[in-house]
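Colleague: task: produce atomic coordinates for the following.
(chains A and B)
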Number of protein chains: 2
Amino acid sequence: MSLLIVGSIALDTIETPFGKVKETLGGSAVYSSIAASYFIKPCIVAVVGEDFPKSYLSLLKRHNIDITGVEVANGKTFRWSGHYLYDLNSAQTIETQLNVFKSFNPKIPQQYKNIKNIFLANIDPELQYHVYKQMLQPEIVACDTMNYWIENKKTQLKRTLKIVDILLINETEARQLAEESNIIKAAKCIHKMGPKTIVIKRGEYGAICSYKDNIFIVPSYPVENVFDPTGAGDSFAGGFMGYVTKVGKFNNKILRKAIILGTVMGSFCVEKFGVKKISSITYEDILQRYKEIKKITHFENL
Amino acid sequence: MSLLIVGSIALDTIETPFGKVKETLGGSAVYSSIAASYFIKPCIVAVVGEDFPKSYLSLLKRHNIDITGVEVANGKTFRWSGHYLYDLNSAQTIETQLNVFKSFNPKIPQQYKNIKNIFLANIDPELQYHVYKQMLQPEIVACDTMNYWIENKKTQLKRTLKIVDILLINETEARQLAEESNIIKAAKCIHKMGPKTIVIKRGEYGAICSYKDNIFIVPSYPVENVFDPTGAGDSFAGGFMGYVTKVGKFNNKILRKAIILGTVMGSFCVEKFGVKKISSITYEDILQRYKEIKKITHFENL
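Modeller: Next comes the predicted model:
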């Protein structure tokens, strides 16, 4: 089974209270595909510039990621720089250089068109829709989005949401999209826009999922040394969709396991700068942390 | 088994986006004792003024709460008024009239002095210590505190913490007390101050507990209609200590069940103004919600 991931590849410059890295490998397609690669073979569609380091492409290939769909365009790679303050909860963007990402128009390679599971990472909802239209037999379509699209492309976003099965979204953005501060009510409102499954990411507070008449709530894994939260949400999505794709079917039980695995991947992500940690763990590490989350959330019947 | 609760009795004026109530029954001793009363017979030590409505005392008595320790002092009852904005996460205090609470010096009635379990609700840490000293054979001492005491009476608070077994504290205040933003590290730091068990209340995000080498994390119960968050933390503490007292022993399993029951009581509390909801539920309602939390947090092994 494979998973198509469409998103960004970036060179990130990140500063946190614990250090700084310059032009390190980043972007939603990168974090999510590395996380997904522990479960299945991800195929990514993205764009880089001529300046993109070959070593970074090699890193992706080493992770069994199919990069046929990575276009090398004339110009410079997308760059983002941001910093985090002590609470590490939200990034302050210092600069965004779209570069080749500005005219990114994802073309799905012929050999990807039959892939059934798709993760449309956080890009323009028009492009997300455009990707969907190119697929021949999509079965599970997941997507992410952000405040910028909710504010500036709500109509287009709503069209995309109609064809989306699983929406992965930050809590603040879920509230913004639904125009409702109570998160349970917000989820109900978003269901009406299309997605049958809504996974609301709450950062250090974990995630809440609404699926049919089921609510599932999970805390984040308690990480003592959070170095860099960049990519945690994308790693969550990658682990989540990687597992869903691996299993090859979808129900309430599988959904819950996938959310825990998303949580696990997000927790590894923040422990080192960039992709350093999620690209150097083993499947055993993942299973171990899954068990730990089971332990820290367990309680008996009265 | 009985539980001694020392705290405030207040007349609260509360405004939320959903309505307003004037001089309604409130205060930490009230919320926590009503919540605890579903498990054991609480005995409260507190002070009211001559103006305190008899109907409110009757309400407490109807809940099987021993009010022998409620002193009626010359003057007016403690009054608090506050309002909540749409996110309902934190109260804005409009006015605090300490009145008889200003010179409150809790005297423990003779027949209470042998009580083994004590909940020192959020009052001056000097008074909390003073209560402790009057007890003959305290076994489990729990306390709450707040930013005001951390800022203004840290030395006295630290003396109190040395004799405390269980600290129940808000997340922001835990960070402030430990001077550490990572909540796991903050808990470790607070353990060194005395309490072997730390229950950190995270409002709508639930609670995290650190006990020996165990971390336990639980979400809040997803309440769709939050009317008034006043007293949720005290209701949590009451449910928690009520159950611990009922069981009569303390270990990791009991602690976890107690935290779920605290969560349940907090979730009922916010559903109506003041004590309206927590004073009108049944034990069956509590058991039902306990089961629901079990359901919304359950996931299987991989």
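
Colleague: going by C-alpha atoms from here, please, whenever you check contacts or count neighbours.
Modeller: Fine.

Colleague: quick one, what contacts the closest residue to residue A:125 other than its chain neighbours?
Modeller: Distance criterion Cα to Cα, 6 or more residues apart in numbering or on different chains; nearest residue to residue A:125, sequence neighbours excluded, is residue A:157 at 5.0 Å. Contacts for residue A:157 (Cα atoms under 8 Å, 6 or more residues apart in numbering or on different chains) come out as A:125-126, A:149-150.

Colleague: can you give me the buried ones in the helix or strand hosting residue A:157?
Modeller: Element membership for residue A:157 (DSSP states H and E) is helix A:154-162. For helix A:154-162, a neighbour-count test (16 or more other Cα atoms under 10 Å in any protein chain shown) marks A:156-161 as buried.

Colleague: what's downstream of that helix, the next helix or strand?
Modeller: strand A:166-170.

Colleague: what's the distance between the helix or strand just after that next one and the middle of its chain?
Modeller: Counting by DSSP H and E, the next helix or strand C-terminal to strand A:166-170 is helix A:171-178. Offset of helix A:171-178 from its chain centre (Cα atoms, centre = their mean, to the nearest Å): 17 Å.

Colleague: re the thing from before, now for the contacts of residue A:157: which two are most distant?
Modeller: A:126 and A:150 (12.3 Å; Cα to Cα).

Colleague: contacts for the strand or helix carrying residue A:215 next, please.
Modeller: Per DSSP H and E, residue A:215 falls inside strand A:214-218. Residues outside strand A:214-218 that contact it (Cα under 8 Å, 6+ apart): A:206-210, A:252, A:256, A:260, B:218-219, B:295-298.

Colleague: what mean pLDDT does whichever strand or helix holds residue A:296 have?
Modeller: Assigned by DSSP H and E, residue A:296 belongs to helix A:283-297. Mean pLDDT, helix A:283-297: 98.

Colleague: ok, stretch A:195-205 next?
Modeller: For stretch A:195-205, the mean pLDDT works out to 96.

Colleague: which residues of the stretch 51-200 of chain A lie near chain B?
Modeller: Within the stretch 51-200 of chain A, the residues that sit near chain B (Cα under 8 Å from any Cα of the partner chain) are A:86-87, A:181-185.

Colleague: tell me which of those fall in helices.
Modeller: Among these, the residues falling in helices (DSSP state H) are A:183-185.

Colleague: how about these in TSV, adding pLDDT and neighbour count?
Modeller: Rendered in TSV, the data for those read as follows (pLDDT from 0 to 100; neighbours: other Cα atoms under 10 Å in any protein chain shown):
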residue	pLDDT	neighbour count
A:183	95	20
A:184	96	19
A:185	96	18
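
Colleague: about what we covered before: between helix B:283-297 and the strand holding residue A:215, find me the angle.
Modeller: 70 degrees (axes from the mean of the first three to the mean of the last three Cα atoms, to 10 degrees).

Colleague: tell me the gap between strand A:214-218 and the middle of its chain.
Modeller: With Cα atoms, centre = their mean, you get 19 Å for strand A:214-218.

Colleague: residues in contact with the helix or strand of chain A with the lowest mean pLDDT: which ones?
Modeller: Of all helical and strand segments in chain A, the minimum by mean pLDDT, DSSP states H and E falls on strand A:92-97, at a mean of 92. Applying Cα under 8 Å, 6+ apart, the contact partners of strand A:92-97 are A:78-84.

Colleague: chain neighbours aside, what residue packs nearest to residue A:208?
Modeller: residue A:217 (4.4 Å).

Colleague: could you measure from residue A:223 over to residue A:272?
Modeller: As judged by Cα to Cα, to the nearest Å, residue A:223 and residue A:272 stand 11 Å apart.

Colleague: which residues do the two both contact?
Modeller: By Cα under 8 Å, 6+ apart, no residue touches both residue A:223 and residue A:272.

Colleague: is residue A:228 in contact with residue A:272, as I believe?
Modeller: Yes. Contact criterion Cα atoms under 8 Å: residue A:228 and residue A:272 qualify, at 6.2 Å.

Colleague: looking at the two, which is more packed in?
Modeller: residue A:228 (26 against 17; other Cα atoms under 10 Å in any protein chain shown).
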